[in-house]
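> Sharing a model that was predicted from the sequence below.
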Amino acid sequence: MMSLHEYDIAFGEQFVSNKPSYLYTYACHETEQELCCMELTELFGHEPEGENWLQSERWIDPDRSPFLTACLDVRLTGESVERMAEKAGSIHLKNRTFKVVCLKAGDRFSYEQSRGYERMVGRRMTGVAQMKDPDVTFGMVSTGGIWRLGILHEPERAWLDHKQKPQNYSTGLSSRIARALVNLAVPQISEVMLLDPCCGMGNVLIEALSIGITAEGRDINPLAIRGARVNLRHYGYDENLVAIQDMNSLQGHYDASVLDLPYNLCSVFPEEEKLQMLRSLRRLSDRAVIVSTEPLKERLVNTGWKLLRHGTTRKGSFVREIWLCE
């Protein structure tokens, strides 16, 4: 994220608060709405205020979440668009090019109204207006009648490249869901070690590593580990981060984990095996995101987990139950 100095922008000091403020916009399909709310709540420490936006003093790279669509680094506020335009006259970009975009979030306006507001605010700024590839893009949005204006940051969505893995399961986690699960498990990046004890083709690992989280995986299936190594190499990661091993025999301790329980779509998954996996995970990890195709609440409590959040995602008739535990 560029600083104001790097942008070479001068804001009128009489209008700018020293307290950082960011407004984020987000979007999700209705089948992933619960997962989206869970992830954003963990990342920001509170639930979204609006149906497609949230405000925070916390900076989160919008590229981190698969649901965030933009981040507005708020610099000016106003009780009307006219007042917002007046304050925009304090913005001086020297010879830098810029454009102003009215975000599709918060209060609703017609296409013509939004374009008119952009022109009203943009013509008051000192700089060179340029709609295509400007040096700086300003965003503006109204929520509950309060206008905000600031520097707009949009995600590059690098994680979309992870959709085309050389190896994958038809029922494997999508890169979008895997990325959200990682954010649930590790909302604040620090000196954290993440474990995926049933890593399959490495979908969760690749999302964790791309975010900057240290992670490693295990799987009892040699074919899965072979595929995971191919995928890790394909994206430039160390293939030795995965190994063949039954999680029940794994030693050590991890800060967080993501366990996508094996699906019993074609065969019966014995009850005792499920319980043993959950007990082993409790021994191995302080915090966990557990994914299943059936309700787990009673089993989780009986194996020593405290339930923090629960949600589901759907793809047709296929439902994933998602449990955040510690």
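Perfect, I can see it now.
> What is the three-state secondary structure of the nearest residue to residue 42 once chain neighbours are set aside?
By the measure of CB to CB, 6 or more residues apart in numbering, the closest residue to residue 42 outside its immediate chain neighbours is residue 187, 4.1 Å from it. No exception for glycine: its C-beta is placed from N, CA and C like everyone else's. For residue 187, the secondary-structure state derived from DSSP: H, G, I helix; E, B strand; the rest coil is coil.
> Could you report the neighbour count for residue 90?
Here the count is done by other CB atoms under 10 Å, and residue 90 has 18 residues near it.
> now do residue 26
22.
> Find the residue closest to it in space, skipping its chain neighbours.
Counting by CB to CB, 6+ apart, the residue nearest residue 26 is residue 67, at 4.6 Å.
> what does residue 194 give?
Residue 194 sits nearest to residue 215 (CB to CB, 6+ apart), 4.1 Å away.
> Ramachandran coordinates for the one you found?
The phi and psi values for residue 215, taken as degrees, to the nearest 10, are phi -150, psi 150.
> Next one, pLDDT for it please.
You'll see residue 215 listed with a pLDDT of 98.
> My understanding was that it contacts residue 199; is that so?
No - if you go by CB atoms under 8 Å, residue 215 and residue 199 don't touch, sitting 9.1 Å apart.
> Give me the common contacts of those two.
residue 205 (CB atoms under 8 Å, 6 or more residues apart in numbering).
> For the residue nearest to residue 26, give me phi and psi.
Torsion angles, degrees, to the nearest 10, at residue 67: phi -100, psi -20.
> right, and it touches residue 38 too?
No - with contacts counted by CB under 8 Å, residue 67 stays clear of residue 38, the gap being 10.4 Å.
> which neighbours do those two share?
residue 180.
> Show me which of these two is the more surrounded one.
Per other CB under 10 Å, whichever of residue 67 and residue 38 has more neighbours is residue 67, with 25 against 22.
> Could I get the pLDDT score of the more buried one?
pLDDT, read off for residue 67, is 97.
> circling back to that earlier point, for the residue nearest to residue 26, which residues are in contact?
Counting by CB under 8 Å, 6+ apart, residue 67 has contacts 26-28, 32, 36, 39-40, 180.
> And for residue 23?
Here residue 23 is in contact with 53-55, 71-72, 74, 141, 143, 148, 150 (criterion: CB under 8 Å, 6+ apart).
> Assign the spatially most central residue of the chain to helix, strand or coil.
Nearest to the mean C-alpha position of the chain, counting by CA atoms, centre = their mean, stands residue 65 at 1.5 Å. With three-state DSSP as the basis, residue 65 sits in coil.
> circling back: what subset of the contacts of residue 67 is buried?
Buried members of the contacts of residue 67, scored by 16 or more other CB atoms under 10 Å, are 26, 28, 32, 36, 39-40, 180.
> Just send the residues you listed back as TSV, with secondary structure too.
Putting the buried ones among the contacts of residue 67 into TSV (three-state DSSP) gives the following:
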residue	secondary structure
26	strand
28	coil
32	helix
36	helix
39	helix
40	helix
180	helix
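> rewinding a little: would you agree the residue nearest to residue 42 is in contact with residue 40?
No - under the criterion of CB under 8 Å, residue 187 is not in contact with residue 40, lying 9.9 Å apart.
> Show the contacting residues for residue 128.
93, 95-98.
> State the distance from the closest residue to residue 80 other than its chain neighbours to residue 184.
Counting by CB to CB, 6+ apart, residue 80 lies nearest to residue 147, which is 6.9 Å off, once chain neighbours are set aside. In this structure, residue 147 and residue 184 are 33 Å apart, going by CB to CB, to the nearest Å.
> which residues touch the host helix or strand of residue 258?
Using DSSP states H and E, residue 258 maps to strand 254-260. Identification of contacts with strand 254-260 by CB under 8 Å, 6+ apart yields 173, 181-182, 185-186, 192-198, 200, 204, 277, 281, 284-291.
> let's see it at 6 Å
Strand 254-260 has contacts (CB atoms under 6 Å, 6 or more residues apart in numbering) with 181, 185-186, 192-198, 204, 281, 284-291.
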